[in-house]
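J.: here's a sequence, model it:
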Amino acid sequence: TDDGMSALQTRDSPCSPPEMQSLPPESDPPIEEPFDEEDDSEPLLKYQYIQTDFLDRVSDQSDIERATCMTVGCKYLMVGTSKGKLHITDFQGNPIKTIRFSPFPLTDLSVSEHDYVGVATNDGHVYVLNIFDEEIIKFSYDRPILTVALHPLYSDSNKKFVLGGKQKRLLCVSKGRFRSNQNEISAGDGDIFCCRWRGSLLAWANDSGVHVYDFDREAMLATLPLFSEANGAVKQQYMCNLCWCDDRELLIGWADCIILYRVFPQPDENGRFGRTIYELTHLPYIVLGVAPFNGLYAVLSTDHDNQNPPEPPALRLLSLEIPADTPPDEWNPELTVDMLDMLPIDPSLTKYYRLEANPVEMRLYMLSPKDIIEVTPIEMDDHICWLLSQGRYAEALTDAQKCPSELKTLTISTIVERYINTLLEEQEYTRAVELADEYMADNPDSYERILRTLMNKGKLDVVPEIPIERPRMSQQIYESVLSVFMVEDPARFHRCVESWMHLELFDPAVIIEQTHEVTKLVDELARIRDVQGRLEDRLVQLNRITNGNIQSIHSIQKSILDEEALLQERYLEVRSELARLHKLQQRYLLRLQQHTEPQPTSTTAHTTETHTCTDPPPPQASLSQLLGEDAMPSPVQQGELPPPYHDEPPLCHEGKEPRDTAADDDLDEDQRLFLLENLPALTHPHTHTHT
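T.: Numbers count the residues shown, from 1 in each chain. Here you go, the predicted structure:
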């Protein structure tokens with residue numbers, strides 16, 4: 001052994017503790033488990049970060065300080081780091097003392113009821129010190145020390161502890177006044193991964209399993225082989241977690257199994273000193289830490305294949321008692337599973353995760369290389385807040401009234417006020433007033449706010465009686481109420497003035513002034529209504545005129561449409577007449593051609609007159625001349641009737657040659673007259689050549 005502090009550097013003596021740290025910075029605030037309004041199940045736990053000055057959640061540098069182990073005392077948290085430092089803080093993370101033991105990581109910590117701390121390091125040393133004492137005892141070994149456990153009552157008169165590690169031996173060391181004694185409890189069964197001491201019982205884990213030793217009997221009580229040789233590598237990959245729930249009950253969590261073992265005060269009929277009560281194996285997750293919690297069992301876990309991508313750990317609450325009415329194959333021990341807001345797990349750092357229980361208070365502390373999180377059960381305030389977040393105000397009020405002494409941050413008045421505000425938003429004014437009358441007799445400010453809200457919404461009439469004693473409100477609120485009654489309910493205004501006058505609840509001068517103001521407002525309102533009536537009459541006249549104009553417009557539109565229909569009908573008649581005339585023209589030209597064909601030349605001695613004629617113009621032109629320049633276009637021009645015959649031979653006739661009366665017989669009298677009157681226009685002007 002090597003006593004003294006030659007290799008240690010102490011900072012902050014207990015006589016002058018450092019200044020308490022302020023609240024965590026805004027960039028990394030304390031967290032609490034939020035309530036999910038869409039989830040109908042109420043959470044059982046709440047979480048909060050413990051902000052420290054030595055752990056950095058943000059930085060990813062490989063050389064920064066990381067937490068490697070933790071233990072929880074009655075008053076303090078003790079955290080070992082990768083840089084060989086022991087940080088002692090209070091439960092809010094405020095530093096108390098920091099000691100550097102080694103340049104190598106600390107591997108395990110143990111604390112006794114008398115504020116002694118045991119520290120194991122990766123370079124083969126064990127240190128024992130008192131938190132408030134300068135003396136530190138150092139023990140050195142050849143191989144890394146993986147675990148240390150002080151006697152639960154370690155003190156100046158009982159300096160005994162147990163250690164183990166890579167030297168494959170479990171040693172019990174007793175420090176005397178002049179020398180130290182070392183007793184070998186176990187050897188040759190492989191590395192010692194973890195050991196925990198409770199009363200006279202010591203539990204430790206090595207390659208062969210978990211063992212229980214009784215110092216009073218100085219005998220081994222039990223050996224629990226957990227892994228076969230086929231999966232023996234799991235023991236090296238994952239950290240073994242041992243935790244004494246009480247003086248007889250041991251909770252074991254290792255890899256994918258959880259075991260609850262109970263030690264008997266006396267051997268049973270088979271000579272056994274204990275037995276396994278519950279055993280969960282082949283779990284779908286890896287156990288990182290176990291601890292008892294409020295009659296249940298807390299498990300810090302991660303997934304089997306938490307590598308790509310890594311995920312944060314989860315905290316599970318288990319109940320290991322199977323209900324009597326539940327078949328074993330349908331039993332689910334998990335009560336809740338909370339995914340934690342911790343950094344994702346690096347598979348190579350799983351051994352640095354810890355779950356420790358506060359020995360005095362019902363609290364858990366979770367450790368990761370970058371985080372410390374405090375876990376507490378849901379309290380009455382949390383339960384009420386969750387009910388309020390779900391809109392279950394009546395239930396929240398009922399539960400709060402059952403246990404008012406358990407409320408710490410909430411009060412019955414605040415719950416009722418939130419309930420009333422919700423009722424007012426939902427326009428349930430009568431129920432809101434009933435609650436105010438029942439619960440706000442001693443809270444005049446809150447009652448005033450409710451009355452002002454009702455006045456703003458025009459619902460003051462739902463209040464049957466304005467309270468004048470309990471609560472006794474301010475003079476201004478009574479004057480405001482009278483002002484409302486003066487306008488909306490004059491009868492109630494007079495009743496309130498008569499009953500409140502002798503109580504001096506209001507200033508009469510203010511009410512008189514308000515009365516004058518109301519009178520002025522009433523006169524102004526009457527004037528406005530008169531103007532409004534005149535405007536309404538004018539609007540009626542304008543509407544009447546507008547309606548008459550609209551009717552006139554509709555009449556004009558109808559006459560225009562009728563005229564358009566008549567014009568369309570006349571247009572069709574003209575088109576029909578033009579078609580008839582065109583057919584008549586064609587017949588006339590054909591017959592005229594037949595009657596004017598050239599005859600043989602006469603040999604008589606009289607003078608013959610020869611007429612040379614050019615081709616006649618298209619008949620369309622003759623019709624245009626007939627109808628005039630402004631006549632409607634003929635169907636021939638529009639392409640609707642067949643074109644006239646244009647290949648007639650020249651029209652030639654001799655002076656007074658007799659006409660064919662037989663052809664004329666086919667024409668009626670009107671057609672003859674038409675042809676006689678319009679014959680010059682129906683033929684093209686021609687040139688006469690006299691011989």
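J.: okay, CA-based contacts and neighbour counts for the rest of this
T.: Noted.
J.: after the lowest-mean-pLDDT helix or strand in the chain, next one along is what?
T.: One helix or strand of the chain scores below all others by mean pLDDT, DSSP states H and E: strand 9-11, with a mean of 32. Next in sequence after strand 9-11, counting helices and strands by DSSP states H and E, comes strand 45-49.
J.: and residue 331, how far is that from residue 321?
T.: Applying Cα to Cα, to the nearest Å, the value for residue 331 to residue 321 is 9 Å.
J.: which residues are contacting stretch 182-190?
T.: The contact list for stretch 182-190, computed with Cα atoms under 8 Å, 6 or more residues apart in numbering, reads 166, 168-174, 206-208.
J.: what about the strands in the stretch 351-500 of the chain?
T.: Using DSSP state E, counting those that start in this stretch, the strands of the stretch 351-500 of the chain run over 354-357, 364-367, 372-377.
J.: save these as a markdown table, and put in distance to residue 573 too.
T.: Formatted as a markdown table, the strands of the stretch 351-500 of the chain follow (distance: least, Cα to Cα, whole Å):
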| stretch | distance to residue 573 |
| --- | --- |
| strand 354-357 | 109 |
| strand 364-367 | 106 |
| strand 372-377 | 103 |
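J.: of those, which is nearest residue 97?
T.: Residue 97 sits nearest to strand 372-377 of all the strands of the stretch 351-500 of the chain, at 17.4 Å, using Cα to Cα.
J.: neighbouring strands of that closest one in the sheet, and parallel or not?
T.: Under the criterion DSSP bridges, strand 372-377 sits next to strand 45-49 (antiparallel), strand 364-367 (antiparallel) in its sheet.
J.: where in the stretch 301-450 of the chain is pLDDT low?
T.: 305-310, 343-345 (pLDDT under 70).
J.: change it to 90
T.: 302-313, 320-333, 335, 339-352, 359-361, 370-371, 403-404, 413, 440-443 (pLDDT under 90).
J.: where's residue 279, which helix or strand?
T.: Here residue 279, judged by DSSP H and E, is contained in strand 274-280.
J.: apologies, that question was intended for residue 134.
T.: Using DSSP H and E, residue 134 falls outside every helix and strand.
J.: distance check, it against residue 97.
T.: Distance, residue 134 to residue 97, by Cα to Cα: 11 Å.
J.: the two: who's more crowded?
T.: Counted by other Cα atoms under 10 Å, residue 134 and residue 97 do not tie: residue 97 has more neighbours, with 21 against 12.
J.: quick check, the more buried one in a helix?
T.: No. Going by DSSP: H, G, I helix; E, B strand; the rest coil, the assignment for residue 97 is strand, not a helix.
J.: that one touches residue 90, doesn't it?
T.: No. In this structure, residue 97 is not within contact of residue 90 by Cα atoms under 8 Å, at 10.0 Å.
J.: show me which residues of stretch 499-514 are buried.
T.: By neighbour count on 16 or more other Cα atoms under 10 Å, the buried set for stretch 499-514 is 505-506, 511, 514.
J.: turn those residues into TSV, columns for secondary structure.
T.: What follows is the buried residues of stretch 499-514, written out as TSV (three-state DSSP):
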residue	secondary structure
505	coil
506	coil
511	helix
514	helix
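J.: what's the closest of the residues you listed to residue 337?
T.: Comparing the buried residues of stretch 499-514 against residue 337 with Cα to Cα places residue 505 closest, at 58.6 Å.
J.: which residues sit in contact with that closest one?
T.: Counting by Cα under 8 Å, 6+ apart, residue 505 touches 468, 474-475, 478.
J.: if we go to 6 Å?
T.: Residue 505 makes contacts with residue 475, as judged by Cα atoms under 6 Å, 6 or more residues apart in numbering.
J.: mind checking how far it is from residue 498?
T.: Going from residue 505 to residue 498 by Cα to Cα gives 11 Å.
J.: residue 151 too?
T.: Relative to residue 498, residue 151 is positioned 82 Å away (Cα to Cα).
J.: quick one, which of the two is more surrounded?
T.: Taking neighbours as other Cα under 10 Å, residue 151 and residue 498 compare with residue 151 leading, 25 against 11.
J.: coming back round to it: closest to residue 155 out of the strands paired with strand 372-377?
T.: Closest to residue 155 of the strands paired with strand 372-377 is strand 364-367 (Cα to Cα; 25.6 Å).
J.: residue 83 is in contact with residue 105, isn't it?
T.: Yes. Between residue 83 and residue 105 there is a contact under Cα atoms under 6 Å: 5.4 Å.
J.: one step back: which one of the strands paired with strand 372-377 is the most hemmed in?
T.: strand 364-367 (a mean of 22; mean count of other Cα atoms under 10 Å).
J.: dump the C-alpha coordinates for it into CSV.
T.: Once non-C-alpha atoms are left out, strand 364-367 reads as follows in CSV (Å, rounded to 0.1, in the frame of the first residue of the first chain):
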residue,chain,number,x,y,z
LEU,A,364,-32.8,7.7,-10.8
TYR,A,365,-29.7,9.0,-12.5
MET,A,366,-28.7,8.0,-16.0
LEU,A,367,-25.2,8.5,-17.2
